[in-house]
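[1] coordinates only, sequence not included:
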């Protein structure tokens, strides 16, 4: 694949975009670029203060969304459908929280899995009618190299019976997201929908995720130096966002594809096809996750 950059993105005028977690990091960068290309950008964020600030900087709109709260997900989806006239061209499921101690949501779900995966799956299903009305609409799921890690258990994603390990919790949330993206594409294709589902990952990028993880573990004193070290060793946020923007805008992509950096084990450099863990390609396992997600969220899958 030839080198690809933001400059290759065509005019996005007339397209309506929703990006979760768009007040910082990859989400903010994607929002900034797409708005500059003419898209109407809706930033779906948990914090009103940070979301308002980001929306003002980007020239976008804020919708409050707490992915760990399924009532908030339903409210946000309804607001987005109302604001857009039930027409949406691009959904980027980007928001996420890093590894941290075991916490549970009000519904009793493990918080990393709930935020990084369950909330996004529910939001995607709830927005599917608006996406079908869009112009060649896409859903882009932001996964991670970490999806290849251990600890996935579709029957016990909330660590009710297993010992909780932070790294396992984060890895399974990212594997689940990639599996969802692939299963969504298969079902969209089966119904003949023009909507496509893809995924991308940023490699090793200097976002605030590592520092946030330190704070989540009560290690606030090391958050700032860890953040500085991460940014010194990693690629920049604009570089890390390229695979996401490529999946979101490039005319040549196809549903079910997965993109990431191309150098040093997909940690750095450029945009191209990324390696998918064999578990994500297990059709029976994906179907079980799809059904389990419906059980845990109480949202009717769309497509069925």
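    Thanks, I have the structure now. The shown structure was predicted, so the numbers you read here are calculated from the model rather than taken from an experiment.
[2] rest of the way, CA atoms for contacts and neighbours
    Fine.
[3] okay, residue 234: pLDDT?
    At residue 234, the model reports a pLDDT of 73.
[4] so it makes contact with residue 205?
    Yes: counting by Cα atoms under 8 Å, residue 234 does reach residue 205; the two are 5.2 Å apart.
[5] can you list residues touching both of these two?
    residue 268 (Cα atoms under 8 Å, 6 or more residues apart in numbering).
[6] so for those two, which sits in the more crowded spot?
    When residue 234 and residue 205 are compared for neighbours, residue 205 comes out ahead with 24 against 17, by other Cα atoms under 10 Å.
[7] for that one, name its beta-bridge partners.
    Counting by DSSP bridges, residue 205 forms beta bridges with residue 235.
[8] so where's the chain uncertain?
    Scanning the chain for pLDDT under 70 picks out the ranges 1, 206-233.
[9] which residues of it fall in helices?
    Applying DSSP state H to the chain gives helices spanning 25-36, 48-58, 70-83, 111-113, 119-132, 166-190, 209-216, 220-233, 237-249, 283-297.
[10] just how off-centre is the first one within its chain?
    It stands for helix 25-36. In terms of Cα atoms, centre = their mean, to the nearest Å, the centre of helix 25-36 is found 14 Å from the chain centre.
[11] who are the packing partners of it?
    strand 16-20, strand 40-45, helix 48-58, helix 237-249 (3 or more Cα pairs under 8 Å, 6 or more residues apart in numbering; DSSP states H and E).
[12] what are the pairing partners of the second one, and which direction each?
    With DSSP bridges as the test, strand 40-45 is paired with strand 16-20 (parallel), strand 61-64 (parallel).
[13] re the thing from before, reformat the helices and strands packed on helix 25-36 as a markdown table; add distance to residue 152 and mean neighbour count.
    Converted to a markdown table, those look like this (distance: least, Cα to Cα, whole Å; neighbours: other Cα atoms under 10 Å):
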| stretch | distance to residue 152 | mean neighbour count |
| --- | --- | --- |
| strand 16-20 | 24 | 25 |
| strand 40-45 | 27 | 26 |
| helix 48-58 | 32 | 17 |
| helix 237-249 | 24 | 25 |
